[in-house]
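Asker: Quick one, fold the following:
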Amino acid sequence: MKHALWMVAILAVAPLGRAVAQDMLPVLPQNDVLPVSLEDILSRRDKIDRIDVVVDMGLRQDNPHWEMSATEKPIFLSRLANMPEKPLPIDSVWPQVKAPEPQYHGLTVLMRTFDGRRFAPLHVFAGKVEAPNSVVLVPDYGRNLEYWLFGTARVRRDQMLGATVLPVLTFDECRLLGQKIVYTTPRQCLLPDNNILLDTGSIPDVTAARVTTFDQCLLHGRALIYTFPRRCLTTGGRVFTEPPRVYENSQISATEARETFMDTRPMGVSAAGLLRNGISGTVATSASTPIGQ
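Answerer: I've put the predicted structure just below:
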């Protein structure tokens, strides 16, 4: 009888003993989530082994993602340590521009140390770098870090995604995204939709920033460039190319068509000269792609 009572007591205490033992066991490195703050990240910057970037498109495991290269990791940490302290001129413009892709909700940055410990994820979106629970760690003025992170993608498809989901309003934003640069005067950055951003050093106003097509640029642009096809320049350096058009008026004569749709003025004023001289208006230039050569 006493033996049976002892057995019951041991069985009753055993689960409690196992729970206490489990609490005393050290946490495995891969399960130890490090707190995320600028101080914690920068104090362990030499121990960070891997940084992954995930684009939040609402697709869960199918979200685009990539691993940051060994060259870009120290650049990312340096950027994080030296974020701009004051708003940039573009910060008064982009919040008033419609988001190109409503499904896009920012970038998640995942960091892991050499011993397998992970930081809590960083979220970079709409001018803020946030920790979990929407705690703002530091402002991302100009969204420069967000644009630059897209430029770290190794696959061209993912780099082009940045130009699709973010409003690209200036040459510097296009450059940060990793898009192709043409070293003319002024420099040109080529977007996936065949439009161009010129390095004019100017910031668009809200009206110019909301321009998304060639026809809108005709109303609110700065200059019309007579290449073939024609191109329209806005404040800030965005250049829109005229799309193909089909005219179905069978009554129009060949002479009327030439007078209506062709410019007969002498050619020779280049787009590069227009920008160097700071001239606004209508110019004629020989057809070329990219412009300004």
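
Asker: To which secondary structure element is the closest residue in space to residue 122 that isn't next to it in sequence assigned?
Answerer: In space, residue 122 comes closest to residue 109 once its chain neighbours are excluded; the distance is 4.1 Å by C-beta to C-beta, 6 or more residues apart in numbering. For glycine as for every other residue, the C-beta is placed from the backbone atoms N, C-alpha and C. Using DSSP states H and E, residue 109 maps to strand 107-113.

Asker: Residues contacting that strand, please?
Answerer: Residues outside strand 107-113 that contact it (C-beta atoms under 8 Å, 6 or more residues apart in numbering): 34, 41, 44, 47-56, 76, 118-119, 121-125, 146, 149-150.

Asker: Whichever of the residues you listed end up buried, select them in ChimeraX.
Answerer: Burial among those is assessed by 16 or more other C-beta atoms under 10 Å; the matching ChimeraX selection reads:
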select :34,41,44,48,51,53,54,55,56,76,118,119,121,122,123,124,125,146,149,150
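
Asker: Look up how far residue 118 lies from the residue lying closest to residue 112 once chain neighbours are set aside.
Answerer: Computed as C-beta to C-beta, 6+ apart, the closest residue to residue 112 that is not its neighbour in sequence is residue 50, at 4.6 Å. Distance, residue 50 to residue 118, using C-beta to C-beta, to the nearest Å: 9 Å.

Asker: Low-confidence regions, this structure specifically.
Answerer: The chain contains residues with pLDDT under 70 at 1-31, 247-293.

Asker: Geometric centre of it: which residue is closest?
Answerer: In the chain, the centroid-proximal residue (C-alpha atoms, centre = their mean) is residue 147; its distance is 3.2 Å.

Asker: how much does the helix or strand hosting that one deviate in direction from strand 107-113?
Answerer: Using DSSP H and E, residue 147 maps to helix 144-151. Angle, helix 144-151 to strand 107-113, by axes from the mean of the first three to the mean of the last three C-alpha atoms, to 10 degrees: 80 degrees.

Asker: what separates residue 171 from residue 181, distance-wise?
Answerer: According to C-beta to C-beta, residue 171 and residue 181 sit 9 Å apart.

Asker: likewise residue 64?
Answerer: From residue 64 across to residue 181, the span is 23 Å (C-beta to C-beta).

Asker: the more surrounded of those two?
Answerer: Each of residue 64 and residue 181 has its neighbours counted (other C-beta atoms under 10 Å); residue 64 has more, 18 against 15.

Asker: In contact with the more buried one, which residues are there?
Answerer: Residues near residue 64 by C-beta under 8 Å, 6+ apart: 54-55, 57, 153, 158, 161.

Asker: follow-up on the earlier one: show me the contacts of strand 107-113 that map onto helices.
Answerer: Using DSSP state H, the subset of those located in helices is 41, 76, 146, 149-150.

Asker: and which of those residues is nearest to residue 235?
Answerer: The shortest approach to residue 235 among the ones in helices among the contacts of strand 107-113 belongs to residue 146, at 23.0 Å (C-beta to C-beta).

Asker: what residues are up against that closest one?
Answerer: Residue 146 neighbours (C-beta under 8 Å, 6+ apart): 106-107, 124-127, 140, 166.

Asker: Residue 89 and residue 203 touch, don't they?
Answerer: Yes - under the criterion of C-beta atoms under 8 Å, residue 89 makes contact with residue 203 at 4.7 Å.

Asker: Between the two, point out the one with more neighbours.
Answerer: More crowded of residue 89 and residue 203, by other C-beta under 10 Å: residue 203, with 18 against 11.

Asker: Give the helix, strand or coil label for the more buried one.
Answerer: With DSSP: H, G, I helix; E, B strand; the rest coil as the basis, residue 203 sits in coil.

Asker: So it versus residue 113, what's the distance?
Answerer: Distance, residue 203 to residue 113, using C-beta to C-beta: 40 Å.

Asker: now the helices: where do they sit in this protein?
Answerer: With DSSP H applied, the chain shows helices at 2-24, 38-43, 72-81, 144-151, 156-165, 171-176, 206-209, 214-220, 254-261, 271-277, listed in chain order.

Asker: and the third one, C-alpha only, in PDB?
Answerer: Think helix 72-81. Provided in PDB are the C-alpha atoms of helix 72-81 (Å, rounded to 0.1, in the frame of the first residue of the first chain):
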ATOM      1  CA  GLU A  72      25.800  45.700 -49.300                       C
ATOM      2  CA  LYS A  73      25.500  44.500 -45.700                       C
ATOM      3  CA  PRO A  74      28.000  47.100 -44.200                       C
ATOM      4  CA  ILE A  75      26.500  49.800 -46.500                       C
ATOM      5  CA  PHE A  76      23.000  49.000 -45.100                       C
ATOM      6  CA  LEU A  77      24.200  49.200 -41.500                       C
ATOM      7  CA  SER A  78      26.100  52.500 -42.200                       C
ATOM      8  CA  ARG A  79      22.900  54.000 -43.800                       C
ATOM      9  CA  LEU A  80      20.900  52.900 -40.700                       C
ATOM     10  CA  ALA A  81      23.400  54.600 -38.500                       C
END
